[in-house]
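**Q** here you go, sequence then predicted model.
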Amino acid sequence: MLHIDAERVRELRHKTGAGMMNCKKALLESNGNFEEAIKSLREKGQASAHQKINRKTIEGLVNSYIHIGGRIGVLIEVNCETDFVARREEFQELVQDIAMQVAACPDVLYIKSEEIPEDVFLAEKEIESGKDDLNNKPDDIKEKIILGRVEKTLKNLTLLDQPFIKDTNITVDELIKEKISLFGENIRIKRFTRYTLGN
């Protein structure tokens, strides 16, 4: 039987937030392949998170983050289901990480794509439709290109679609789903405000 080093298990737990036994099992199932174990845990975490995504979140934290130099500040509310989870150090770290993410992403205005107003979508579509490189494209191809470009632009405006600043292999959405799996509770970013000095 494959021997899994305890230090390797701890490293995987630190990287993914999954339980020790789940980390050991993932390493055994992947024959010790660290990246495959991470992928497996993330997939299971997202499946677990999907079952909890509609549960009510009435507890949580309001937190602030002031960037070095005091030129950017963020106020954020992140919700969970119970006060017990809200008091956990790991949850508080998550809220702080998300506040730092907001500070690092000046283009982000919305939490998720569903919040983007239709007029913003239509304005972006009009901008893309007027670009010269589309002039000789057939209409159906042109429409696909336009929608692809608009989707890419709008993703830059949404917090959940951003690559996580501490691990760019995952998005903020995937990070939250990992934490839902870890805590066993639904987690939701409720709102945020970014303050930029002089604006």
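**A** Perfect, I can see it now. Numbers count the residues shown, from 1 in each chain.

**Q** strands of this protein, residue ranges please.
**A** Here the chain has its strands, by DSSP state E, at 59-66, 72-80, 163-164, 167-171, 188-196.

**Q** winner for burial among those strands?
**A** strand 72-80 (a mean of 20; mean count of other Cβ atoms under 10 Å). Bear in mind the C-beta positions are built from the backbone N, C-alpha and C, glycine included.

**Q** so what pairs up with R194 in the strands?
**A** Beta bridges link R194 to V74, judged by DSSP bridges.

**Q** what is the least confident helix or strand in the chain?
**A** Counting by mean pLDDT, DSSP states H and E, the chain has its least confident helix or strand at helix 34-52, which shows a mean of 69.

**Q** okay, which residue is most central for the protein?
**A** Compute the mean C-alpha point of the chain, and by Cα atoms, centre = their mean the closest residue is V172, 1.1 Å away.

**Q** wait, what's in contact with it?
**A** Residues counted as contacts of V172 (Cβ atoms under 8 Å, 6 or more residues apart in numbering) are I98, Q101, L159, L160, D161, Q162, F164.

**Q** 10 Å - rerun?
**A** Residues in contact with V172 (Cβ atoms under 10 Å, 6 or more residues apart in numbering) are 97-98, 101-102, 105, 108, 111-112, 158-165, 189.

**Q** for it, give its distance to S40.
**A** To S40, V172 is 21 Å away according to Cβ to Cβ, to the nearest Å.

**Q** with V9 instead?
**A** In this structure, V9 lies at 14 Å from S40, with Cβ to Cβ as the measure.

**Q** need the residues touching each of the two.
**A** By Cβ under 10 Å, 6+ apart, the residues touching both V9 and S40 are N22, K25, A26, L27.

**Q** where in the protein is pLDDT low?
**A** Scanning the chain for pLDDT under 70 picks out 1-2, 16-19, 45-57.

**Q** partners of G60 in the sheet?
**A** The partner list for G60 in beta bridges (DSSP bridges) reads N79.

**Q** ok now do it, which residues does it touch?
**A** Contacts of G60 (Cβ under 10 Å, 6+ apart): 76-83, 85-86, 91, 95, 187-190.

**Q** which of those lies closest to I146?
**A** I189 (29.5 Å; Cβ to Cβ).

**Q** how about that closest one: which residues does it bridge to?
**A** V78.

**Q** so who does it touch?
**A** Going by Cβ under 10 Å, 6+ apart, I189 touches 57, 60, 76-79, 95, 98, 101-102, 111-112, 159-160, 172-173, 176.

**Q** for it, give its distance to F84.
**A** In this view, I189 and F84 are 20 Å apart by Cβ to Cβ.

**Q** just T158 next, same as before
**A** For T158, the distance to F84 equals 30 Å [Cβ to Cβ].

**Q** many thanks, I have nothing further to ask.
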